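S.K.: here is my input, please return the structure:
(one chain, ligands or ions: 1)
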Amino acid sequence: MSESPSRVAIVTGAGRGIGAAIANRLAADGFAVGLLDLDEASCARGAEAITADGGRALGIGVDVSDTEQVEAAVTRVAEELGPPTVLLNNAGITRDNLLFKMTDQDWDSVLGVHLRGSFLMSRAVQKYMTEQGWGRIVNLSSTSALGNRGQANYSTAKAGMQGLTKTLAIELGKFGVTVNAIAPGFIATEMTAATAERIGMSFEDMQQAAAQEIPVRRVGQPEDIANMAAFFVSDQASFVSGQVIYVAGGPKA
Ligand code: NAP
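M.R.: Below is the predicted model:
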């Protein structure tokens, strides 16, 4: 059980994959959870499942790169669940291509969701955190922040998430707010399944090949990331801020 059952968390991109696992884990730990996702139906289903298990949750369809939608969604969470003091900036997309084939739209949409989205969400939620004198922001980076062929847009966004993390940690620390980043390696979700499909490989073969390159000899599951997130948002993590933890089955950085 959580040490703080009344706290309210917002998870973006909570309709599936890593975001859904984090939302479920935080609900199990006693947080009320606002599940935000582009796909309203999937986050509504996630919220219903949490509520059916005795938790408190709300699913809201929102594009995190849109200022007005973000402000409206955060206000709704505050009104219906209470002041949000935990934020997981998890929503993400890939638009992979080698530089010479990457379009303006590929670049802008990836930076828009990851970086602009995390900026807008953090700015909207920080006022509740600073008012409460307690808060936790966790940003999803990636091992791709270290560079990855075909991902100039995505690796730039994920490296940017680390800069955002460190700067917000410096600005918000005096208000009792910590800001950390999780940089996952290969996690089995629809995002990695889509990559397998794009390169013409079965998802099973891709996971087996990836596992051979990972020191612990398996790919990650969404729950591996949720476990790390659960620690970062806990009271026990109050002296950990501005950090990037690679959750990748080995030392990626
Ligand atoms: P996923 O299965 O593709 O889920 C991403 C979720 O984000 C989807 O539900 C998607 O909604 C939502 N989303 C996309 N754009 C959005 C927007 N503008 N506003 C709100 N929600 C939006 O991906 P995942 O694998 O769980 O990844 C979660 C996070 O971890 C991402 O930031 C990703 O970059 C990061 N990550 C993943 C891996 C990995 O191996 N899987 C590794 C490193 C980092 P729709 O369903 O409507 O598209």
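S.K.: just confirm Gly173 is within a helix.
M.R.: Yes. Residue assignment for Gly173, taken from DSSP: H, G, I helix; E, B strand; the rest coil, places it within a helix.
S.K.: my guess is it contacts Ser241. True?
M.R.: Yes. The pair Gly173 / Ser241 is scored as a contact, 5.9 Å apart, by C-beta atoms under 8 Å. All C-beta spots, glycine's among them, are computed from the backbone N, C-alpha and C.
S.K.: higher neighbour count, these two?
M.R.: The residue with the greater number of neighbours, taking Gly173 and Ser241 and applying other C-beta atoms under 10 Å, is Ser241; the counts read 20 against 13.
S.K.: adjacent strands (with direction) for the longest strand seen in the chain?
M.R.: Ranked by number of residues, the top strand in the chain under DSSP state E is strand 177-184. Note on strand 177-184: by DSSP bridges, its sheet partners are strand 135-140 (parallel), strand 244-247 (parallel).
S.K.: wait, which of those is closest to the ligand?
M.R.: Of all the strands paired with strand 177-184, the one in closest proximity to the ligand, counting by C-beta to the nearest ligand atom, is strand 135-140 (4.0 Å).
S.K.: now find how far off-centre that closest one is within its chain.
M.R.: Using C-alpha atoms, centre = their mean, to the nearest Å, we find the averaged C-alpha position of strand 135-140 to lie 8 Å away from the chain's own average C-alpha position.
S.K.: over to stretch 126-137?
M.R.: Distance of stretch 126-137 from its chain centroid, counting by C-alpha atoms, centre = their mean, is 18 Å.
S.K.: can you pull the residues of the chain lying near the ligand?
M.R.: For the chain, the residues found near the ligand under the criterion C-beta under 6 Å from any ligand atom are 12-13, 15-19, 37-39, 62-65, 90-93, 113, 117, 140, 142, 184, 186-187, 189-192.
S.K.: alright, I will stop here.
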